[in-house]
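Novice: Predicted model and sequence below, questions to follow.
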Amino acid sequence: MVQVVAAKTELIEAQRPRKPLVNLSRFKLPKHYRNTLENERLQQMWKKQFGLPNHVRVVKVSVSVCPVCSRQIPMVVYEEDGAIWLKKTCPEHGTFRDLYWGDAELYYYFLQWDAPEYIGKGTANPNTDLNYYVTTSGCPFACGLCPVHKTNTVLAIIDVTNRCNMKCPVCFANAYAAGYVYEPTLEQIEYMLRTLRLRSLGRQMPFNLVAVNQH
Ligand code: SF4
Ligand SMILES: [Zn+2]
């Protein structure tokens, strides 16, 4: 019975009318994206490798982490039904599929600036070194920031408490999931601020102190 229902669901899914793929001719996408998006052989190879249907468009393949065990696993980013999705499979914990961008047009618009000249060069003051990175099996276990991390902090946010009813469904800090009171001491907050100042290398860095509290 369960199999029949699953087969029926699959059939309905396969016959469902779909939004057409975005017309890419309006965007000046970096060459490395064009090479993937317009290469039919690569498209077919990756769809097969990641178990994707033929009507989707693969944007890129990369490496992500399993949300359960944090090990690095291959990931594919693809367009389907006017949105951008990512899919990854952990050999132990199964397949995960998440909405990446709700609007594919907007995603391609911003992708125009995902070129080497705009990509961050990493932080000048990492907290861990390459040796630590290698011995801890790399990202995300070497977090610190580590020297491999590309981006710098643009807007720093420091949570100073989650003493609220913790049930707001739009809580960006996901306070409810913590299940405990998070409240750094004044000394810890001072340490965070000093670390941020080290990172900023003389630039002024905007930051928010956030009390997660009925926002
Ligand atoms: S700091 Fe290093 S380990 Fe942490 S997320 Fe960035 S690259 Fe990964
Ligand atoms: Zn896993």
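Specialist: Structure received. Ligands and ions are numbered 1, 2, ... in the order given.

Novice: Ligand 2 contacts on the protein?
Specialist: 66, 68, 69, 90, 92, 93 (Cβ under 5 Å from the ion). The C-beta positions use only the backbone N, C-alpha and C, and glycine is treated the same way.

Novice: Pick the one among those residues closest to residue 132.
Specialist: Taking Cβ to Cβ as the measure, residue 69 is the one of the residues of the chain next to ligand 2 closest to residue 132, at 20.2 Å.

Novice: What is the nearest of the residues of the chain next to ligand 2 to ligand 1?
Specialist: Proximity of these to ligand 1 was ranked by Cβ to the nearest ligand atom; the top entry is residue 66 with 14.1 Å.

Novice: what sits against the closest one?
Specialist: Under the criterion of Cβ atoms under 8 Å, 6 or more residues apart in numbering, the contact partners of residue 66 comprise 73, 88, 90, 92, 93, 96.

Novice: Out of these, grab the one that's most surrounded.
Specialist: Of all the contacts of residue 66, the most densely surrounded is residue 88 (22 neighbours; neighbours counted as other Cβ atoms under 10 Å).

Novice: Doesn't that one belong to a strand?
Specialist: Yes - counting by DSSP: H, G, I helix; E, B strand; the rest coil, one finds residue 88 located in a strand.

Novice: Tell me what it is bridged to.
Specialist: In this structure, residue 88 has beta-bridge partners residue 75, residue 96, where bridges are defined by DSSP bridges.

Novice: quick thing: my sequence starts at 37, can you match it?
Specialist: In the new count, where the first residue is 37, that last one comes out as residue 124.

Novice: my guess is it contacts residue 113, does it?
Specialist: No - taking contacts as Cβ atoms under 8 Å, residue 124 lies outside contact range of residue 113: 9.9 Å.
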